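Enquirer: okay, predicted coordinates and the sequence, questions at the end:
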Amino acid sequence: MVRFARGERCAAQETLGAPVNDAFAMTEILPLSGRVCIQGHLHQDLNMGLVEVIDLETGQPVAPGEIGTMVVTPYYPFRECMPVFRYDTRDVVRRLPAEPLTCDLAGIPGTSRILSKADQLLHVGTQVVTLRQLVEVIEALPSQPWPARFSAHAHDGAIDLVLTEAALRGSSPEGIERRFREAGLPVRLRESAPVDAETSLRPVRADLVETTFAARRD
């Protein structure tokens, strides 16, 4: 699964001098996959399967502009190889407004990019904050802390945020909190974590270790 944050994607495009392909796929729903258009929508190949966006609480289809979990059903004969029916990916997306699309993939229905995993949403009063909202601000800091490592918890009407010491370089705590406020996010910056404690913060893909086939020790 490829999920570029805005700062990382822009830096890659500037460095490579070519567009970066931001795509979506997972083993459980192959061969259905999606790609992101120039306007930032995620368009799924609906020749391969049915994509629904359902409410996280009720399981009913969400209205335009609302967020929900993406549910995918691969079509026959693909699901004979991967027998999945209405697979709830737990990837949170926002259903696009009802107005006609004007992007380069307008002929293919789409949603927002992946915003978060369902269990990583933060509820601050009536506001629901997604993981992507936090990552976009963090990875746009002058220190360019890619990938973003942090710990975030909703508490007392705000989000308590812990960043690494490396992420804070070149910015003051007040300046970082102002960046979040400008993005509409009520964030309180708490203590920083030393570099050697980074793995205690939000894990990233490179942290995952496969141990299923490892030899067992006595």
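Expert: It's in.
Enquirer: surely Val137 is in a helix?
Expert: Yes - per DSSP: H, G, I helix; E, B strand; the rest coil, Val137 lies within a helix segment.
Enquirer: residues in contact with it?
Expert: Val137 makes contact with Arg179, Phe180, Ala183, Leu185, according to CB atoms under 8 Å, 6 or more residues apart in numbering. C-beta: built from backbone N, CA, C; applies to glycine.
Enquirer: for Ser33, same thing?
Expert: So Ser33 contacts Ala23, Phe24, Ala25, Gln44, Asp45, Met48 (CB under 8 Å, 6+ apart).
Enquirer: go ahead and confirm the fifth one touches Ile29.
Expert: Spelled out, it's Asp45. No - using CB atoms under 8 Å, Asp45 is not in contact with Ile29, being 10.5 Å away.
Enquirer: more neighbours: these two, which one.
Expert: Shown here are Asp45 and Ile29; by other CB atoms under 10 Å, Ile29 has more neighbours (25 against 14).
Enquirer: per-domain residue ranges of this protein.
Expert: Annotated domains of the chain cover 6-118, 121-202 [automatic domain parsing].
Enquirer: so where do the helices sit in the chain?
Expert: Assigned by DSSP state H, the helices in the chain fall at 6-16, 78-81, 131-138, 165-168, 173-182.
Enquirer: give me the contacts around the last one.
Expert: Going back to what we said before, that points to helix 173-182. The set of residues external to helix 173-182 that reach it, using CB under 8 Å, 6+ apart, is Val137, Ala140, Leu141, Ile159, Leu161, Leu163, Leu168, Pro186, Val187, Arg188, Leu189.
Enquirer: same thing but at 10 Å, please
Expert: For helix 173-182, contacts defined as CB atoms under 10 Å, 6 or more residues apart in numbering pick out 129, 133-134, 137-138, 140-143, 158-159, 161, 163, 167-168, 171-172, 185-190, 192.
Enquirer: including mean pLDDT, could the domains of the chain go into TSV?
Expert: Below are the domains of the chain laid out as TSV (pLDDT from 0 to 100):
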stretch	mean pLDDT
domain 6-118	87
domain 121-202	88
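Enquirer: about what we covered before: selecting buried members of the contacts of helix 173-182 in PyMOL, what would you type?
Expert: Those of these that count as buried under 16 or more other CB atoms under 10 Å are selected in PyMOL with:
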select buried, resi 129+133+134+137+138+140+141+143+158+159+161+163+167+168+171+185+187+189+190
